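**Q** Show me how the following folds:
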Amino acid sequence: MRVLIIGGGPSGLKCAFNLLQLGHEVFIFEREPVLGGLARSFELHGTKIERYYHFICMGDTGLINMIRELGLDSQLRWKYTRMGVWRDGKLYPFTSVLDVLRFPPLPPVERLKYLWAAFRASLRKDWSDLENVPAVDWLRQEFGPIAYEVIWKPLMQRKFGPYTERVSAAWIWARIKRLADSRTRFLKRERLGYLLGGSETLIGKLAEQVAAMGGHIYTKAQVDRILIKKQARLRALCGRLRSLGRCHYLHCPLASPYPTAP
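**A** I've put the predicted structure just below:
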């Protein structure tokens, strides 16, 4: 089966890798000059810098298994991390349970409420009932309005700006849960991982493996249009390679596929 993949980020590259293992013919089309998507890097004075920061949590089993499969486990490093909260011109440590209990901007009762909410969130397994709940409402309810104003509101507004009210509680819970899983126990310190060389190491290895297995990778190749033919066959067109041919299936790991939709 011939598969056309739009987007050469981690999702597209891993999809290509898996399909090639199954014996399919794969073509990747990436509109940018380099692969990686949101995990790509740029060069600064001879050093590769990630465009956006990334880290690996201890519960990211899919990613960790992929790193091992690619033979990169020797380049995986784990580090105990520290976190702080900047409030009223001062940086307060906010890494451990003890740090929270000593956190002056929150009244003592609110500190206990915060820890209890974080603990409950770490135990939750299912996100589905949070999908249509605004994160702002959920955070206020679980952590309390004072903790929301002191801790969560500044973080949410700086990350999402005018879209803060539209963020799902499922998103923020997933972030809390993912980081909680990077602690061996709730009272233990957080431990996060990274690859030597950053995400560029993973992207480069995936691209190398895809090419070695016979996959076709095109950069600076934006797909301008997708034509749907009979029997669910597709034809993708781009300015650089006018016709990319027919395929039986299209994987589209994009933030929004609408610009190329028929």
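**Q** How about Gln21, nearest residue that isn't a chain neighbour?
**A** Met213 (7.4 Å; CB to CB, 6 or more residues apart in numbering). To be clear about C-beta, it is placed using only N, CA and C from the backbone, and glycine gets the same treatment.
**Q** can you pull the contacts of the one you found?
**A** 17, 20-21 (CB atoms under 8 Å, 6 or more residues apart in numbering).
**Q** For stretch 117-133, C-alpha coordinates in CSV please.
**A** The C-alpha coordinates for stretch 117-133 follow below in CSV (Å, rounded to 0.1, in the frame of the first residue of the first chain):
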residue,chain,number,x,y,z
ALA,A,117,-6.1,18.5,44.9
ALA,A,118,-2.8,17.7,43.3
PHE,A,119,-2.8,14.2,44.9
ARG,A,120,-6.3,13.5,43.8
ALA,A,121,-5.4,14.6,40.2
SER,A,122,-2.5,12.2,40.2
LEU,A,123,-4.7,9.3,41.1
ARG,A,124,-7.3,10.0,38.4
LYS,A,125,-7.1,7.6,35.4
ASP,A,126,-9.8,8.8,33.1
TRP,A,127,-10.0,12.3,31.4
SER,A,128,-13.2,11.9,29.4
ASP,A,129,-15.6,13.6,31.9
LEU,A,130,-13.2,16.6,31.9
GLU,A,131,-13.2,17.1,28.1
ASN,A,132,-16.0,19.7,28.0
VAL,A,133,-15.2,21.3,31.3
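**Q** Please point out which parts of that stretch sit buried.
**A** 117-118, 121-122, 130 (16 or more other CB atoms under 10 Å).
**Q** Touching that stretch from outside, list them.
**A** Residues contacting stretch 117-133 (CB under 8 Å, 6+ apart): 138, 142-144, 147, 168-170, 173-174, 176-177, 180-181, 186.
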